[in-house]
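A.B. asks: 3D model of this:
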Amino acid sequence: MNTPLQSWLDFFAIPASWLYGKIVRIRNRYYDNQKNVKRVPLPVIAVGNLTVGGTGKSPLVRWIVRRLRENGYNPAIVMRGFAAVNPELADEAVEYKEKFGEIDVIVGGDRFVHISKYLENGGKADCLVMDDGFQHRKLHRDLDIVVLDFLRDAFSQRMLPAGWLREPVEGLRRADATVVSHAQCAEPKFAKEVKAISGKEPIAWAAHHWTDLQVYVADSDTEESLEWLTGKSVAIRLGIGYPGPVIEALVRLGAKIAKQLPAGDHQPFSNSEISTLIETSKNVDAIVMTLKDWVKARDVMDLNKLHCPIVVPNLVLDIVEGADDFEKLLLSVFEVS
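C.D. replies: The predicted structure follows:
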């Protein structure tokens, strides 16, 4: 039963969701005939989702980039970038550079404009992987991939702001392929549910897991096994859209979550939050955050003032079913028709 506050919120949110859905449908029709879509002279692979918050897009982008490189291609990553005065310092852009070292990351709201500038300035990429690109319909893509998180069933959600949907679920019909994340939890009937809407079953099923931990203290960082966390009291600061799987992983490892520090998706570290982290560090064995959080924290935080290490799990994505078919689909964008 809803509380009075929830009932009042629903009173406003549900009509707003209906209106938002109508606006999104009108916008989609504007692009459906391709007349208002701009092209760039490189193959574009877009990775996106239907809901706000994390579904596993970024780990899948990394998987795609690795496979393209293994096949001799030189991809650049295209992304919007969030909450950064300098787009090159957007948290996910820095995260990609951390993972890949030498890679071009094109950051900006108008992807077509920024890709064009990149090419005019001598960019060497021979293909583009667009992170969070499903709703950015202004740019033509040769392959549209949607990530569906089984743990956050998009098919039972309402549109924003009453639910998590960024667009109506029938938008999935535009996708060339779907990849299901958290496949280890998925039920067989989910494939049929996807096919009922998109017209085809998921091409691949993916599972996320941690491989090890990066432990940061004032004068060094070390690589530790996951068991390092077992029995330790930890505080968590997770500026990601959906922190549930991280919390569940910590519990499975036997860590004791003493405090959860609130943070929004892509939220930068404020001075007051840094002070809170320093104070919190006196009472726990470690502060756990994602790599996305760490690339922001390290530039504004003096680790000498902390009383415990910062721990960053190394997250990887494995395609547990359909990897060969998925790779074949990716490489099809290079075929000359």
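A.B. asks: Could you point out the longest strand of this protein?
C.D. replies: Determined from DSSP state E, the single longest strand within the chain is strand 204-217.
A.B. asks: list the buried ones in it?
C.D. replies: 204-208, 210, 213-216 (16 or more other C-beta atoms under 10 Å). (Glycine included, C-beta is placed from N, CA and C.)
A.B. asks: pLDDT-wise, what's the bottom of those?
C.D. replies: Lowest pLDDT among these: His208, with 90.
A.B. asks: domains of the chain?
C.D. replies: 32-203+322-334, 210-315 (automatic domain parsing).
A.B. asks: CA atoms only for the longest strand of the chain, dumped as CSV, please.
C.D. replies: Extracted C-alpha coordinates of strand 204-217, given in CSV (Å, rounded to 0.1, in the frame of the first residue of the first chain):
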residue,chain,number,x,y,z
ALA,A,204,24.2,-12.8,-26.6
TRP,A,205,24.1,-13.2,-22.8
ALA,A,206,26.6,-11.5,-20.6
ALA,A,207,27.7,-11.8,-17.0
HIS,A,208,29.7,-9.3,-14.9
HIS,A,209,32.2,-10.3,-12.3
TRP,A,210,35.1,-8.9,-10.3
THR,A,211,38.6,-10.3,-11.1
ASP,A,212,40.6,-8.6,-8.3
LEU,A,213,40.9,-5.4,-6.3
GLN,A,214,43.0,-2.3,-6.6
VAL,A,215,43.9,-1.0,-3.2
TYR,A,216,45.0,2.6,-2.9
VAL,A,217,46.8,4.2,0.0
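A.B. asks: Quickly run through the sheet partners of that strand, with directions.
C.D. replies: Looking at strand 204-217 with DSSP bridges, its partner strands are strand 177-181 (parallel), strand 220-224 (antiparallel), strand 310-321 (antiparallel).
A.B. asks: now, of those strands, which is deepest in the fold?
C.D. replies: strand 177-181 (a mean of 25; mean count of other C-beta atoms under 10 Å).
A.B. asks: what angle do the helix or strand that that strand is followed by and strand 204-217 make?
C.D. replies: Per DSSP states H and E, the first helix or strand lying C-terminal to strand 177-181 is helix 189-198. Between helix 189-198 and strand 204-217, the angle comes out at 110 degrees (axes from the mean of the first three to the mean of the last three C-alpha atoms, to 10 degrees).
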